[in-house]
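Peer 1: Take a look and give me a structure for this.
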Amino acid sequence: MLAGGDLASAGRPVPPWRPRRDSRLYPVRSPPDMTQSPAVRTTGRSGPVRIGERAARTLVTELARMNDPKAALLVGASPESAVLAAAIEALLPGDQLTVVPGDSSSAAVLREHVTAQGRWVADRVRVVDSLADAEAAAVVIAGEAFTGTAEETRSGIDGLSKYLTDGGVLSVATTATPGRTTGAATELARQDALYGVGGDLVLRNTPPLRVYRLRFTPASPAAADRLAPAYRPSSVPLTRGMHIDSNGVAAAGITLGLAALARVARPSSKLWLLPALAAAPVAAFFRDPQRDVPEDPNAVVASADGKVLSVQRLHDERFGDGEWLRVAVFLSVLDVHVNRAPVAGKVVDYFVADGGFVNAMKPDAEHNVAAYTVLDTSRGTVVVAQRTGLIARRIVQRAPIGALLAKGERFGLIRFGSRTDVYLPAEAADPLVGPGDKVIGGSTVIARWR
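Peer 2: Reported below is the predicted structural model:
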């Protein structure tokens, strides 16, 4: 069973690798009309939605992960806005942030607020009266959640997207109401299907929000080399160095719920202790520790924790005619199950190959159900295969086609172990590990670019 990516391809013959996103879907965007502010309306009759600290940090993640000097545009801010605070915190010395107030009459108050932050902030943040006074930016952020109709949302997205530079990202949010099939939620889901390059569900917000990141013009794969790993609300912090994936929180919640039901159903029995005591070990399966990613641009890091099964040179017609260097790593049930990008690159394809569920340690695991993420990088094509096993039959992939991944960035997980393979162009990389070696995802260097 798989989650994320092209689920429709599960159970079908494996398609040959092909870049899909850049050859279609991207519309021709006209430059913004600086003489007239487009109508950008986010809120419906219910009024604005509270955006808390975690949701705000998720909204500004594209701004925070860009290490190069850049321009950003925040639309719909107030002095009390958590999104404004998060955007200011994400600024680097060479950055410029333009802020459009939610109400033009509050521009003066917003300027006073920015000035009060000190000279460093005042030199990098400019408050304008309206969107018509703004300039194009690499990152555009809607500071208020969309809650209006589908038509209002579409108009708002169109107005904001005109202020993006080539390859820029628009970050927006809407309420994550279960079963909601109309209005802003439906329109943003449609936009995400067409232009989405990432998204997150922020449950620790009242109400819960879904954040979408949209890119309307293609980005260069080389841009990924200059990115830091994105902030993911799905990685829930426990301590400074240890996080747990949201799947672990859900699994622990289910076991505790079963314990509560058993206690109510049979109060005189100690049967409830079984699921209660299982909660902590189940959650531990989904631990997600912070990792120090090597800064060496020639280093290729492990995509998962585990033991190296094999290092092979082979041909695979699905990815092209050349020879590939494949490093296969086995993940036991005791290993960290989070998968990370071995190199920086752009996701240009994702597909699922049908197969069996053989023990991942055996050679026949080569034909197990697997999910393939294809990256276009400055050094050539790189492929990561997430393979199921005898126990692990649930693959999660969170990087849609068009997304840029930094080296070492989390992009998915395999529940309860299995195997992760990294394919590198054989003529461009040399292996640094061998069978039996223990590797740590996002940290251990498994190969070097020549």
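Peer 1: For the stretch 301-450 of the chain, give me the ranges with low pLDDT.
Peer 2: 391-392, 416-417 (pLDDT under 70).
Peer 1: go again using 80 as the cut-off
Peer 2: For the stretch 301-450 of the chain, the stretches with pLDDT under 80 are 359-365, 389-393, 415-417.
Peer 1: Okay, buried residues for stretch 217-226 please.
Peer 2: Thr217, Pro218, Ala219, Pro221, Ala223, Ala224, Asp225 (16 or more other C-beta atoms under 10 Å). (C-beta placed from N, C-alpha, C; glycine too.)
Peer 1: Helix, strand or coil: sort out the second one for me.
Peer 2: The one in question is Pro218. Three-state call for Pro218 (DSSP: H, G, I helix; E, B strand; the rest coil): coil.
Peer 1: pLDDT value on it, please?
Peer 2: Among the per-residue scores, Pro218 holds a pLDDT of 95.
Peer 1: With Thr43 instead?
Peer 2: What the model reports as pLDDT for Thr43 is 56.
Peer 1: likewise Arg180?
Peer 2: Predicted confidence (pLDDT) for Arg180: 61.
Peer 1: Now render the buried residues of stretch 217-226 as TSV, adding distance to Leu271.
Peer 2: Rendered in TSV, the data for the buried residues of stretch 217-226 read as follows (distance: C-beta to C-beta, whole Å):
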residue	distance to Leu271
Thr217	58
Pro218	57
Ala219	54
Pro221	54
Ala223	55
Ala224	51
Asp225	55
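Peer 1: element containing the residue lying farthest from the centre of the chain?
Peer 2: Here the centre of the chain is the reference, and by C-alpha atoms, centre = their mean the most remote residue is Ser268, at 46.3 Å. Assigned by DSSP states H and E, Ser268 belongs to no helix or strand.
Peer 1: again, but for Leu277
Peer 2: Assigned by DSSP H and E, Leu277 belongs to helix 273-284.
Peer 1: residues of stretch 63-82 that come out buried?
Peer 2: Counting neighbours by 16+ other C-beta under 10 Å, the buried set in stretch 63-82 is 63-66, 70-78, 81-82.
Peer 1: for those residues, which one is nearest Phe357?
Peer 2: The closest of these to Phe357 turns out to be Arg65 (C-beta to C-beta; 36.1 Å).
Peer 1: Pro229 is in contact with the closest one, correct?
Peer 2: Yes. Counting by C-beta atoms under 8 Å, Arg65 does reach Pro229; the two are 6.9 Å apart.
Peer 1: What strand or helix carries the nearest residue to Val382 once chain neighbours are set aside?
Peer 2: Excluding the flanking residues, the one nearest Val382 by C-beta to C-beta, 6 or more residues apart in numbering is Leu375, at 4.5 Å. For Leu375, the element it lies in under DSSP H and E is strand 370-377.
Peer 1: Buried residues, the longest strand seen in the chain. List them.
Peer 2: The single longest strand within the chain, with elements called by DSSP state E, is strand 164-175. For strand 164-175, burial by neighbour count (16+ other C-beta under 10 Å) applies to Leu164, Gly168, Val169, Leu170, Ser171, Val172, Ala173, Thr174, Thr175.
Peer 1: ok so, going back, please name the residues that touch the residue nearest to Val382.
Peer 2: Neighbour list for Leu375: Pro221, Ala341, Val343, Gly345, Lys346, Val347, Val348, Thr381, Val382, Val383, Val384, Leu405 [criterion: C-beta atoms under 8 Å, 6 or more residues apart in numbering].
Peer 1: Out of the residues you listed, name the two that are farthest from one another.
Peer 2: Pro221 and Val384 (15.0 Å).
Peer 1: which one's the longest helix in the chain?
Peer 2: In the chain, taking DSSP state H as the definition, the longest helix is helix 246-265.
Peer 1: which residues sit in contact with Ala399?
Peer 2: Each residue near Ala399 by C-beta under 8 Å, 6+ apart is listed here: Gly198, Ala341, Val347, Tyr350, Thr373, Leu405, Phe411, Gly412.
Peer 1: for the closest residue to it other than its chain neighbours, helix, strand, or coil?
Peer 2: Once flanking residues are discounted, Ala399 sits nearest to Phe411: 4.1 Å by C-beta to C-beta, 6+ apart. Classification of Phe411 using three-state DSSP returns strand.
Peer 1: what sits opposite the residue nearest the centre of the chain in the beta ladder?
Peer 2: Residue closest to the mean C-alpha point of the chain, counted by C-alpha atoms, centre = their mean, is Gly198 at 4.9 Å. With DSSP bridges applied, Gly198 shows beta-bridge pairing to Arg213.
Peer 1: From what I see, it and Pro400 are in contact.
Peer 2: Yes. Contact criterion C-beta under 8 Å: Gly198 and Pro400 qualify, at 6.6 Å.
Peer 1: Could you break the protein into its assigned domains?
Peer 2: The chain breaks down by automatic domain parsing into domains covering 27-217, 230-292, 294-449.
Peer 1: just those: most buried one?
Peer 2: Among the domains of the chain, domain 294-449 has the highest mean neighbour count (mean count of other C-beta atoms under 10 Å), at a mean of 20.
Peer 1: Any idea how far apart the tips of it sit?
Peer 2: 14 Å (C-alpha to C-alpha, to the nearest Å).
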